[in-house]
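Peer 1: Here is the input, now give the coordinates:
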Amino acid sequence: MIRISSHRLLLCVVGTLVAATALYAADGASSRDRRSAVRSARGTDAAESEGPFLTENQRAMDRMMAGMAVKPTGDVDTIPS
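Peer 2: Numbers count the residues shown, from 1 in each chain. Predicted structure coming up:
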């Protein structure tokens, strides 16, 4: 059995909560907010030049997510068709 001190456990829990909060906050920003942030940070309209990349990236993500949406067979050794 692994023993962990209460201090280390607290640090792990707090670290996990901080990371989860940061991911939630980052995920909540819309792509429009991200493009706006890029534009203001660079002082140019970088969002326009990144538009084609962002569109293609979203298309690839949608295709990947659709490919993962399969009905489980209950047999981990069988690849669903």
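
Peer 1: what's the least confident helix or strand in this protein, going by average pLDDT?
Peer 2: Lowest by mean pLDDT, DSSP states H and E among the helices and strands of the chain is helix 31-42, with a mean of 60.

Peer 1: low-confidence ranges in this protein?
Peer 2: Where the chain drops to pLDDT under 70, the residues are 1, 26-47, 80-81.

Peer 1: ranges for the helices of it?
Peer 2: Along the chain, the stretches classed as helices by DSSP state H are 6-28, 31-42, 46-68.

Peer 1: Reformat the ones you listed as a markdown table; add mean neighbour count and distance to residue 78.
Peer 2: No exception for glycine: its C-beta is placed from N, CA and C like everyone else's. Shown next, in a markdown table, are those (neighbours: other CB atoms under 10 Å; distance: least, CB to CB, whole Å):
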| stretch | mean neighbour count | distance to residue 78 |
| --- | --- | --- |
| helix 6-28 | 10 | 33 |
| helix 31-42 | 12 | 37 |
| helix 46-68 | 11 | 16 |
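
Peer 1: To residue 74, which of the ones you listed lies closest?
Peer 2: Among the helices of the chain, helix 46-68 comes nearest to residue 74, with 17.1 Å by CB to CB.

Peer 1: Alpha carbons of the closest one, as CSV, please.
Peer 2: Only the C-alpha atoms of helix 46-68 are listed here, as CSV (Å, rounded to 0.1, in the frame of the first residue of the first chain):
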residue,chain,number,x,y,z
ALA,A,46,-3.1,37.6,-37.8
ALA,A,47,-6.5,36.0,-37.5
GLU,A,48,-7.2,36.5,-41.2
SER,A,49,-4.0,34.6,-42.2
GLU,A,50,-4.7,31.9,-39.7
GLY,A,51,-8.4,31.5,-40.8
PRO,A,52,-7.7,28.7,-43.4
PHE,A,53,-5.6,26.8,-40.9
LEU,A,54,-8.3,27.1,-38.2
THR,A,55,-11.0,26.0,-40.6
GLU,A,56,-9.0,22.9,-41.8
ASN,A,57,-8.1,22.1,-38.2
GLN,A,58,-11.8,22.2,-37.1
ARG,A,59,-12.7,19.9,-40.1
ALA,A,60,-10.0,17.4,-39.1
MET,A,61,-11.2,17.5,-35.4
ASP,A,62,-14.8,16.9,-36.5
ARG,A,63,-13.7,14.0,-38.7
MET,A,64,-11.7,12.5,-35.8
MET,A,65,-14.6,12.8,-33.3
ALA,A,66,-17.0,11.3,-35.8
GLY,A,67,-14.6,8.4,-36.3
MET,A,68,-14.5,7.8,-32.5
